[in-house]
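*Asks:* just to be clear, the model below is a prediction. Sequence and coordinates:
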Amino acid sequence: MCFDPEVTFESGQTFRWKRFVTKDEPSWIGVISNYVVRMRRGKAECVAKLKESNSNRSNFSDDIANYLSTNDDLDRIVQSFPRDEYLQNAVKSFDGLRVLTQDPWECLISFVCSINKNIPAIKMMLELLSMKFGSKIRSSNEVFYSFPKPSTLAKASKIDLLACKVGFRWRFIRFIANQVRSGKLDLKSVSQKSYGQARDELISELSGTTFGVGPKVADCVMLFSMHKMEAFPVDVWMLRCIQSIYSQKMGLQDILVDKKSLTRSTYDLVHKSAHEYFGRYCGYAQQYLYMKIRHDFIRNKALV
DNA sequence: TCCCAGGTCCTAC
DNA sequence: GTAGGACCTGGG
């Protein structure tokens, strides 16, 4: 299986993995389902398990395989991409990148936290939320925290949420937690629907079941937890990427000129064009492009 | 001090 | 239907 934790865990799709270097081999520790997992290239090891978990209902290797989307045929996915130089270079540069299949609830709250924040700040918020509202999982020499449950966040106070540095997002978090806890928003049933239906259901204006979930956050949940490959989250980085590399190829040059953000209808138009241009696995293409445009931008900044 | 950050919501045209 | 401002807050 082609999997590089370094690339995958730093690709902005997940925020709670921590990097360690032991005996000059880097490893990553994070929480998947009820397990604390140490991940190395091609190897996953259970470090600790949540005591309250029901061992009959989950199996370590199955949970890991599902999380890492091991059924994805990366060769076939990459073969389906258009032969353009920028994307092909991205695929070469970020070999081992996988689109994960995360828990939809954790993924949804993570990307609600991402609104108008940079990655270090998102990591901090999620860490604080887990420490304050999650369950402790003890390994031999360290303590980890599971991601908080909907019922816990649903009854969290404004003050306690603000202590986790989530700012104005506290309303979104508590509202969504209540919808999930009450069953009005059933993420499992959403995940079983088609991309279009599932996405619509997550976006507040159509369903009324969420608040604080627009097209970008919904697309992240579609791609990073429900494995809908047609999703193509368009954030500020993808907008820069499309403006500088793809606007002509996609016929969007007039629409995107000087744009710094997207309206709902322009977002949908960009998504439609991206789906047509990159094909049925455009979600994977987006992830390679996201890595490359950020990498190029940071490198260019360093050269200035 | 100002600007920005893996956006969304609300208001005024 | 759409542009423009507000929104918490930490860091550069």
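*Replies:* Noted; the coordinates are in hand.
*Asks:* quick one: which helix or strand includes A:M39?
*Replies:* Element membership for A:M39 (DSSP states H and E) is strand A:35-40.
*Asks:* who does that strand pair up with?
*Replies:* Taking DSSP bridges as the criterion, strand A:35-40 pairs within the sheet with strand A:25-32 (antiparallel), strand A:43-49 (antiparallel).
*Asks:* export it as PDB, just CAs?
*Replies:* Extracted C-alpha coordinates of strand A:35-40, given in PDB (Å, rounded to 0.1, in the frame of the first residue of the first chain):
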ATOM      1  CA  TYR A  35      -7.500   3.700  19.700                       C
ATOM      2  CA  VAL A  36      -4.400   5.700  20.100                       C
ATOM      3  CA  VAL A  37      -2.400   4.800  17.100                       C
ATOM      4  CA  ARG A  38       1.300   5.100  16.300                       C
ATOM      5  CA  MET A  39       1.800   5.300  12.500                       C
ATOM      6  CA  ARG A  40       4.900   4.800  10.500                       C
END
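*Asks:* so how far is it from its chain's centroid?
*Replies:* When distances are taken as C-alpha atoms, centre = their mean, to the nearest Å, strand A:35-40 is centred 18 Å away from the chain's centroid.
*Asks:* still on that earlier bit, nearest to A:P233, out of the strands paired with strand A:35-40?
*Replies:* Closest to A:P233 of the strands paired with strand A:35-40 is strand A:25-32 (C-beta to C-beta; 21.3 Å). The C-beta positions use only the backbone N, C-alpha and C, and glycine is treated the same way.
*Asks:* and chain A, split by domain according to the record?
*Replies:* Domain segmentation of chain A under automatic domain parsing yields A:5-68+A:102-224, A:236-303.
*Asks:* tell me which of those lies nearest to A:A90.
*Replies:* Nearest to A:A90 among these is domain A:236-303; the distance by C-beta to C-beta comes to 3.8 Å.
*Asks:* do the closest one and DNA strand C meet?
*Replies:* Yes: residues of domain A:236-303 are located near DNA strand C by C-beta under 7 Å from any atom of the strand, namely A:T263, A:S265, A:T266.
*Asks:* out of these, who has the most neighbours?
*Replies:* Each of these was scored by neighbours using other C-beta atoms under 10 Å; the highest score is A:T266's, at 16 neighbours.
*Asks:* please name the nearest non-neighbouring residue to that one.
*Replies:* Closest residue to A:T266 apart from its sequence neighbours, by C-beta to C-beta, 6 or more residues apart in numbering: A:I255 at 6.3 Å.
*Asks:* for that neighbour, what is the enclosing helix or strand?
*Replies:* A:I255 belongs to helix A:253-256 when assigned by DSSP H and E.
*Asks:* report the mean per-residue pLDDT for that helix.
*Replies:* Across helix A:253-256, pLDDT averages out at 89.
*Asks:* gap between the two ends of stretch A:45-60?
*Replies:* Distance between the two ends of stretch A:45-60: 9 Å, counting by C-alpha to C-alpha, to the nearest Å.
*Asks:* swap in stretch A:29-49?
*Replies:* 13 Å.
*Asks:* which other residues reach that stretch?
*Replies:* Taking C-beta atoms under 8 Å, 6 or more residues apart in numbering as the criterion, the residues outside stretch A:29-49 that touch it are A:1, A:3-5, A:9, A:14, A:16-18, A:20, A:25-28, A:50, A:53, A:55, A:58, A:60, A:63-64, A:67-68, A:96, A:103, A:137-140, A:144-147.
*Asks:* quick one: which of those sit in strands?
*Replies:* Where the contacts of stretch A:29-49 overlap with strands, as defined by DSSP state E, the overlap consists of A:K18, A:F20, A:E25, A:P26, A:S27, A:W28, A:I137, A:R138, A:F144, A:Y145.
*Asks:* and the helix holding A:I255, what's buried?
*Replies:* A:L256 (16 or more other C-beta atoms under 10 Å).
*Asks:* which secondary structure elements does that helix contact?
*Replies:* Using 3 or more C-beta pairs under 8 Å, 6 or more residues apart in numbering; DSSP states H and E as the contact criterion, the elements in contact with helix A:253-256 are helix A:264-278.
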